[in-house]
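Undergrad: 3D, please:
(one chain, ligands or ions: 1)
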Amino acid sequence: MNREYSIAVLAGDGIGPEVMREALRVLDAVETKYGFGTQREERPVGGAGIEACGKALPDDTLKACESADAILFGSVGGPQWDSLPPDERPERAALLPLRKHFDLYANLRPGVCLRELTEASPLKNQLIEGGIDILCIRELTGGMYFGEPKFYGERNGELIALDTMIYHRREIERIAHIAFQAAQERSGRLCSVDKANVLSSSVLWRKVFTELAGQYPKVQLTHMYVDNAAMQLVRNPQQFDVLVTENTFGDILTDEMAMVCGSLGTLPSASLGARGERTFGLYEPSGGSAPDIAGKGIANPIAQILSLAMLLRFSLREIAAADAVEHAVRSVISDGFRTKDLATGAANERIVTTAEMGEAIAAAI
Ligand code: NAD
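TA: Numbers count the residues shown, from 1 in each chain. Next comes the predicted model:
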């Protein structure tokens with residue numbers, strides 16, 4: 001079997017290039033250990049794309065993604081580009097088109113807070129004792145972010161704005177299958193989050209999930225309104241195993257979940273779609289470009305490194321290498337290595353820079 005792969009590497013802006021450097025260092029280590037190879041096509045995206053080519057998603061960057069087995073993405077955006085019109089800004093003009101172009105409809109976000117890091121969570125210790133391990137699945141290409149019509153402008157002398165929240169049955173069905181299968185492989189508990197007491201799109205969402213539940217007898221499906229889910233995530237996060245929800249609700253709940261877990265700097269994400277036999281995906285940290293800490297060497301590279309682990313697992317099917325990366329991260333955390341965002345002042349902590357964290361994880365492999 002050919003174990004040579006091609007990866008489009010889009011580091012982007014802010015801390016993106018700093019944390020990407022460490023992910024590639026870890027990739028070097030697992031390639032050597034597990035005997036496979038990658039061709040890495042590094043291309044500008046976001047603000048870097050605007051500066052280099054006048055576009056947040058340059059044509060050549062898109063072409064590199066099209067011929068790759070997977071995309072390893074950093075993050076985009078920053079204050080330099082905030083004054084651009086909304087549809088030219090890095091996030092909207094780079095990430096959303098990439099999701100749409102490759103039909104990356106399933107966003108998987110593990111919310112894991114290791115036992116050693118519970119002090120970094122803002123929640124009281126008794127609520128997260130023993131750690132947290134939730135998988136949040138967010139529908140990523142439907143709903144309000146893509147729904148038409150959209151409008152911002154003047155009508156009858158008054159400014160108005162319009163977004164459309166729309167779901168087709170097939171869009172709900174395909175994300176539901178992903179969620180049921182994920183729940184089946186974990187504890188068998190699946191909580192679907194909607195707003196079926198108010199929104200028609202949620203009524204359809206709930207109907208489709210309820211109908212498909214019969215195909216997965218081992219999964220216990222529950223439903224929860226999104227406002228309650230937001231509350232329950234901080235009241236009793238350990239009640240959840242797999243959460244699934246639509247695009248906008250997922251955007252908000254996954255950031256809340258990230259904070260419950262301690263730091264945005266540790267949480268990866270995978271945005272998956274199908275391409276032939278293979279799972280194609282874009283893998284990126286849950287956080288943004290963190291301009292407040294960019295260039296200081298203090299960003300936490302773990303989210304980027306765990307995003308690489310997801311890429312190895314889902315797109316390259318290099319399972320042993322993915323396990324090794326996740327194991328190395330856990331062992332370095334157990335040894336007390338912490339970037340500044342994870343520091344709590346505990347006695348065994350060793351505060352390290354972005355590069356030192358990357359080196360320690362690569363060495364643990
Ligand atoms: P952010 O996630 O960049 O930062 C929020 C807070 O978390 C900051 O205090 C930051 O320092 C911290 N943080 C984030 N990642 C960290 C890491 N790896 N290590 C340590 N601390 C980390 O969100 P924001 O401040 O709202 O947005 C900043 C920019 O990022 C904006 O331009 C926004 O549009 C963009 N953004 C991009 C993406 C993406 O590329 N997918 C996602 C969200 C925000």
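
Undergrad: what about residue 344, neighbour count?
TA: The local packing of residue 344 (other Cβ atoms under 10 Å) involves 12 other residues. Backbone N, C-alpha and C define where each C-beta goes, glycine included.

Undergrad: so what's the spatially closest residue to it that is not a sequence neighbour up against?
TA: Closest residue to residue 344 apart from its sequence neighbours, by Cβ to Cβ, 6 or more residues apart in numbering: residue 119 at 4.1 Å. Contacts for residue 119 (Cβ atoms under 8 Å, 6 or more residues apart in numbering) come out as 125, 344, 346.

Undergrad: in helices, which of these fall?
TA: Among those, the members falling in helices (DSSP state H) are residue 125.

Undergrad: mind checking what secondary structure the nearest residue to residue 336 once chain neighbours are set aside has?
TA: Distances taken as Cβ to Cβ, 6+ apart put residue 348 closest to residue 336, at 4.3 Å, once the chain neighbours are dropped. Look at residue 348: counting by DSSP: H, G, I helix; E, B strand; the rest coil, its state is coil.

Undergrad: find the nearest non-adjacent residue to the residue in the stretch 151-300 of the chain that the ligand sits nearest to, please.
TA: Residue nearest to the ligand within the stretch 151-300 of the chain: residue 288 (2.4 Å; Cβ to the nearest ligand atom). Spatial nearest neighbour of residue 288, excluding adjacent residues (Cβ to Cβ, 6+ apart): residue 75 at 5.0 Å.

Undergrad: distance of the one you found relative to the ligand?
TA: Distance, residue 75 to the ligand, by Cβ to the nearest ligand atom, to the nearest Å: 4 Å.

Undergrad: ok, that residue - contacts?
TA: Residue 75 makes contact with 12-16, 46, 284-285, 287-290, according to Cβ under 8 Å, 6+ apart.

Undergrad: for those residues, which one is nearest residue 316?
TA: residue 284 (16.2 Å; Cβ to Cβ).

Undergrad: the closest one against residue 269, yeah?
TA: Yes. Using Cβ atoms under 8 Å, residue 284 is in contact with residue 269, at 5.8 Å.

Undergrad: mind listing the helices for this structure?
TA: Using DSSP H, helices in the chain cover 16-34, 47-53, 59-66, 90, 96-101, 125-128, 169-185, 200-212, 226-235, 247-260, 302-314, 319-334, 354-364.

Undergrad: got these as JSON lines, with mean neighbour count and distance to the ligand columns?
TA: Formatted as JSON lines, the helices of the chain follow (neighbours: other Cβ atoms under 10 Å; distance: least, Cβ to the nearest ligand atom, whole Å):
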{"stretch": "helix 16-34", "mean neighbour count": "21", "distance to the ligand": "6"}
{"stretch": "helix 47-53", "mean neighbour count": "20", "distance to the ligand": "8"}
{"stretch": "helix 59-66", "mean neighbour count": "17", "distance to the ligand": "14"}
{"stretch": "helix 90", "mean neighbour count": "28", "distance to the ligand": "7"}
{"stretch": "helix 96-101", "mean neighbour count": "17", "distance to the ligand": "10"}
{"stretch": "helix 125-128", "mean neighbour count": "13", "distance to the ligand": "19"}
{"stretch": "helix 169-185", "mean neighbour count": "18", "distance to the ligand": "20"}
{"stretch": "helix 200-212", "mean neighbour count": "18", "distance to the ligand": "24"}
{"stretch": "helix 226-235", "mean neighbour count": "16", "distance to the ligand": "18"}
{"stretch": "helix 247-260", "mean neighbour count": "20", "distance to the ligand": "8"}
{"stretch": "helix 302-314", "mean neighbour count": "26", "distance to the ligand": "5"}
{"stretch": "helix 319-334", "mean neighbour count": "18", "distance to the ligand": "13"}
{"stretch": "helix 354-364", "mean neighbour count": "20", "distance to the ligand": "8"}
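
Undergrad: closest point of the stretch 1-150 of the chain to the ligand, which residue?
TA: residue 77 (2.6 Å).

Undergrad: quick check: closest non-adjacent residue to that residue.
TA: Per Cβ to Cβ, 6+ apart, closest to residue 77 is residue 90, 4.5 Å.

Undergrad: and residue 52, how far is that from residue 39?
TA: For residue 52, the distance to residue 39 equals 21 Å [Cβ to Cβ, to the nearest Å].
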